[in-house]
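S.K.: give the three-dimensional model of this entry:
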Amino acid sequence: MPLSNFIQDVNRVTFFDDFFSLNTAATTGAWVANGVGTETFTIAGASDGIVLLGTGTNLNDSCEIQSIGAIVKLEASKKYTFETRLSVTTAEAVKTSLGWFIGLNALDTSIYALGVITGTDHVGINKLTGAQTLDLVIRRASGTVDRVAAIATYTDDTFTVVRFEVDVSSVVGTGVVRVWIDDLPVVLSGGSYDYQSTSLPTTVALTPTLAVCGTGAAAAATLSDDYVRLSFPRI
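M.R.: Numbering: from 1, shown residues only. Model prediction:
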């Protein structure tokens, strides 16, 4: 990741977790885990700085983590950046059947239901179960949903840097979303790197969210995450 990504702009707030430690205390910790089935949420080794989200082995088992307490609300004429580095894999032979989501979501104890994202307000990157491609997904609670399908191909068990930027316009709920995969800009629509959305979730506060949904083929899925970074303007 470029060194410039770590330079702190005093005019912006930065949430950053490199996962060298893990505090999951119910009210004072940094993260809370939920899911379907028997989920696991641990650090890989004493000093690796990798957090592991593990699912059970039953159909549609999931593991989902969110920072404790909503952190940010998308406001007009402001820009927000989310970035993470992750790798997802399963022992199942048909790896395309697992799914995952990373990004900003409203506080929710059940982001996945029957293998499908059901979060009411979110913006992020989603790998659908049964696919090997990534989608940009944007949803506002009113039911308005944007899904830009197959913006990139994901390789299982390979660490990938995913970053997106939400540039809210002067009209609340509308704006431009841009995506980078491994620091390369992604074409989103009509040959453009800019996706114009009228569905930005601006009515409720959002929080960093990671989620993985298993294959249901007697093989657990694991999402390994290196860090999470969220940057947004000060009030």
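
S.K.: what's across from Asp225 in the sheet?
M.R.: Note on Asp225: beta-bridge partners by DSSP bridges are Val51, Leu86.

S.K.: and it, how many neighbours does it have?
M.R.: Using other C-beta atoms under 10 Å, Asp225 has 23 other residues around it. All C-beta spots, glycine's among them, are computed from the backbone N, C-alpha and C.

S.K.: ok, now Thr81?
M.R.: There are 18 residues near Thr81, going by other C-beta under 10 Å.

S.K.: state the helix or strand in which it lies.
M.R.: Thr81 belongs to strand 79-90 when elements are defined using DSSP states H and E.

S.K.: same check on Leu53?
M.R.: Going by DSSP H and E, Leu53 is in strand 51-54.

S.K.: elements contacting that strand?
M.R.: strand 40-43, strand 62-67, strand 207-213, strand 221-233 (3 or more C-beta pairs under 8 Å, 6 or more residues apart in numbering; DSSP states H and E).

S.K.: report the backbone C-alpha coordinates of that strand in CSV.
M.R.: Extracted in CSV, the C-alpha atoms of strand 51-54 (Å, rounded to 0.1, in the frame of the first residue of the first chain):
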residue,chain,number,x,y,z
VAL,A,51,-7.8,-11.3,11.8
LEU,A,52,-9.6,-14.4,10.8
LEU,A,53,-13.4,-14.7,10.3
GLY,A,54,-14.4,-18.3,10.2
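
S.K.: and it, which residues are buried?
M.R.: By neighbour count on 16 or more other C-beta atoms under 10 Å, the buried set for strand 51-54 is Val51, Leu52, Leu53, Gly54.

S.K.: what angle sits between the one helix or strand Asp167 maps to and strand 79-90?
M.R.: Element membership of Asp167, judged by DSSP H and E, is strand 160-168. Per axes from the mean of the first three to the mean of the last three C-alpha atoms, to 10 degrees, the angle that strand 160-168 makes with strand 79-90 is 150 degrees.

S.K.: mind checking how far strand 160-168 is from the chain centre?
M.R.: Average the C-alpha atoms of strand 160-168, do the same for its chain, and the two points are 10 Å apart (C-alpha atoms, centre = their mean, to the nearest Å).

S.K.: hmm, who's touching that strand?
M.R.: 1, 74-87, 102-103, 123-125, 134, 136, 154, 174-183, 200, 202 (C-beta atoms under 8 Å, 6 or more residues apart in numbering).

S.K.: of those residues, buried ones?
M.R.: By 16+ other C-beta under 10 Å, those give 74, 78-87, 102-103, 123-125, 134, 136, 154, 175-181, 200, 202 as buried.

S.K.: quickly list what the residue nearest in space to the middle of the chain is bridged to.
M.R.: Per C-alpha atoms, centre = their mean, the C-alpha nearest to the average position across the chain is that of Ile102, at 1.2 Å. Counting by DSSP bridges, Ile102 forms beta bridges with Ile125, Leu210.
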